[in-house]
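J.: got a predicted structure plus its sequence, pasted below:
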Amino acid sequence: MSEPAVADTRRLNSKPQDLTDAYGPPSNFLEIDVYDPQIVGVGRNRYTTYEVRMKTNLPIFKLKDSCVRRRYSDFEWLKNELERDSKIVVPPLPGKALKRQLPFRGDEGLFEESFLEERRAGLEQFINRIAGHPLAQNERCLHMFLQEESIDRNYIPGKV
Amino acid sequence: MSFFGFGQSADIDIVLNDAETRKKAEHKSEDGRKDKYFLFFDGETVSGKLNVTLKYPGKRLEHNGIKIEFIGQIELYYDRGNHHEFVSLVKDLARPGELTQSQTYDFEFTHVEKPYESYTGQNVKLRYFLRATVSRRLSDISKELDIVVHTLSTYPELNSSIKMEVGIEDCLHIEFEYNKSKYHLKDVIVGKIYFLLVRIKIKHMEIDIIKRETTGTGPNVYHENDTVAKYEIMDGAPVRGESIPIRLFLAGYEITPTMRDINKKFSVRYYLNLVLIDEEERRYFKQQEITLWRKGDIVRKSMSHQAISAAQRFEGSSNPEKSQSKNAEDDS
């Protein structure tokens, strides 16, 4: 028996897919929205908070639907915690905009609408990127940031 | 070259006896150019003629001997001075004396061993060549003729498929399968990826062929990786239970047979790299070594039991006899 001239390129046998798997909701649903900037405080002690709302079906997150308010320095805290404790390359945050904090500006400075929108979009991109990272999902700081009312800066860092 | 103007010199030329009939093979040189050379196999005789043509007719050419060598050597680029000769044969064609007219000498290297395939890589080169030398007091006249050697193998006795389950706990589990572990250079990689768990957002999946050239020994080992093929096999997000087929034709890529520890100087190995990329450009990958071998052009009898077991793994193979009844004209 001589071997065939053309290689056998037929597909390997594969298991048929269950229809509920094929048409059901995917197991990787994760959406985080950063919106509704609100200015808190008076005078020179004002700052902006954003609503961070997460919807997910990943089992690693305790709450499938959570909503918290966070300010820019909270995002900075999360970035620092992850850079210190995990091996992840953490994506960049939108800029600190120190210049906008100086007096005698022609515009609203840190509370200028276009700036807030730019910052909001950057924060949303940052948190979505990091929350989808399998290694970041193991860090307690991420869960506390996303799902607890307030951030306890004296928490004990560690894995979930 | 002569310092004193009109000394005698000669052109030498090596011509193989079977130059008309012998096949040529393409081989890439160090600078990337592709040239054709006469193709030889292990055990073949290398025979031909050396033509010594005097430049100035009438004048004599004094010499200290004429010889021709057949050499197989390994050259490491970081150590150019040292050539490692693993084959070195010499035929003396003429004793020291003088030539009064152009001459032709016959030579034959009978059934020469050529144990390794010719290879030109990033950091190492293995080549075979004939070198003819007319020795002279001041400067030798020499000429080299490179040839290319291919090493052939037959279908391996054992060629199991590669099947494995890999993943990241609670995030991504896949089972991948490749139909063989040893492929010839014109073969087709047939496989599939089965998704068991998908909790990350995958954007696409590709399969790469990576060539790893290893030179040096002990603490001086150096690996050079080169991606010789990239082939997208899935565009979009899979869900659990989905099977993605793989069909990758090797003939279009610049690959060589696997070379393991050649003369203890270098290795060339190939890996299949399955890469999944998520929406944030994160890459998840699994590398698996495969063996590549060169198939000869001669029609060979297949091992019928192997053909049957191979057919049973394929779709539409309710009748295994079908795959054996195709006509046999090997086209590689």
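T.: Yep, it's here. What you see is a predicted model; the values in this text were computed from it and never measured.
J.: all contacts plus neighbour counts: C-alpha atoms, from now on.
T.: OK.
J.: state the distance from the residue nearest the centre of chain A to B:E213.
T.: Centroid-nearest residue in chain A: A:I127, 1.9 Å away (criterion: Cα atoms, centre = their mean). Distance of A:I127 to B:E213, computed by Cα to Cα, to the nearest Å: 41 Å.
J.: what do you get for B:D13?
T.: 35 Å.
J.: who's more crowded, those two?
T.: Using other Cα atoms under 10 Å in any protein chain shown, the more surrounded residue of B:D13 and B:E213 is B:E213, with 20 against 16.
J.: excluding chain neighbours, what is closest to the more buried one?
T.: B:V268 (4.5 Å; Cα to Cα, 6 or more residues apart in numbering or on different chains).
J.: show me the contacts for the one you found.
T.: B:K211, B:R212, B:E213, B:T214, B:T258, B:M259, B:R260 (Cα atoms under 8 Å, 6 or more residues apart in numbering or on different chains).
J.: the residue nearest to the centre of chain A touches A:I32, doesn't it?
T.: Yes: assessed by Cα atoms under 8 Å, A:I127 is found in contact with A:I32 at 7.3 Å.
J.: tell me, how many residues neighbour the residue of the stretch 101-250 of chain B found nearest chain A?
T.: Relative to chain A, the nearest point of the stretch 101-250 of chain B is B:R199 (4.0 Å; Cα to the nearest Cα). Neighbour count of B:R199, defined by other Cα under 10 Å: 22.
J.: ditto for the one 10 residues further on
T.: Residues lying near B:I209 (other Cα under 10 Å) number 23.
J.: distance between the host helix or strand of it and the chain's centre?
T.: Taking DSSP states H and E as the definition, B:I209 sits inside strand B:202-215. Its chain's average C-alpha position is 19 Å from that of strand B:202-215, according to Cα atoms, centre = their mean, to the nearest Å.
J.: show me what that strand is in contact with.
T.: Residues external to strand B:202-215 that are found in contact with it (Cα under 8 Å, 6+ apart): B:76, B:121-124, B:221-238, B:255, B:265-279.
J.: all helices for the chain, in order.
T.: Going with chain A. A:19-23, A:72-85, A:113-131, A:140-147 (DSSP state H).
J.: switch to chain B, that's the one I care about
T.: Using DSSP H, helices in chain B cover B:304-312, B:321-324.
J.: which of those helices has the lowest average pLDDT?
T.: Mean pLDDT per stretch puts helix B:321-324 lowest among these, at a mean of 42.
J.: show me the contacts for B:L274.
T.: B:M205, B:E206, B:I207, B:D208, B:F285, B:K286, B:Q287.
J.: with B:Q287 instead?
T.: B:Y271, B:L272, B:N273, B:L274 are the contacts of B:Q287 under Cα under 8 Å, 6+ apart.
J.: which of these fall in strands?
T.: B:Y271, B:L272, B:N273, B:L274 (DSSP state E).
J.: can you give me the pLDDT of residue 29?
T.: Went with chain A since none was named. Value listed for A:F29 in the pLDDT field: 95.
J.: the intended chain is chain B.
T.: 92.
J.: which positions in the stretch 151-300 of chain B make contact with chain A?
T.: Residues of the stretch 151-300 of chain B found near chain A (Cα under 8 Å from any Cα of the partner chain) are B:171, B:179, B:187-188, B:190-192, B:194, B:197-201, B:239-243, B:245-247, B:280, B:299-300.
J.: sort out for me which of the residues you listed are in strands.
T.: Those of these lying in strands (DSSP E): B:V188, B:V190, B:G191, B:K192, B:Y194, B:L197, B:V198, B:S243, B:P245, B:I246, B:R247.
J.: export these to TSV and tack on neighbour count and pLDDT?
T.: Formatted as TSV, these follow (neighbours: other Cα atoms under 10 Å in any protein chain shown; pLDDT from 0 to 100):
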residue	neighbour count	pLDDT
B:V188	20	96
B:V190	21	96
B:G191	23	96
B:K192	22	96
B:Y194	22	97
B:L197	22	95
B:V198	22	95
B:S243	22	96
B:P245	21	96
B:I246	25	96
B:R247	17	96
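J.: could you dump these to TSV with distance to A:L102?
T.: Shown next, in TSV, are those (distance: Cα to Cα, whole Å):
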residue	distance to A:L102
B:V188	66
B:V190	64
B:G191	62
B:K192	60
B:Y194	57
B:L197	51
B:V198	48
B:S243	58
B:P245	60
B:I246	59
B:R247	62
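J.: list the contacts of residue 110.
T.: Because you didn't say which chain, this covers chain A. A:A97, A:R100, A:Q101, A:L116.
J.: nope, chain B
T.: Here B:T110 is in contact with B:E44, B:T45, B:V46, B:S47 (Cα under 8 Å, 6+ apart).
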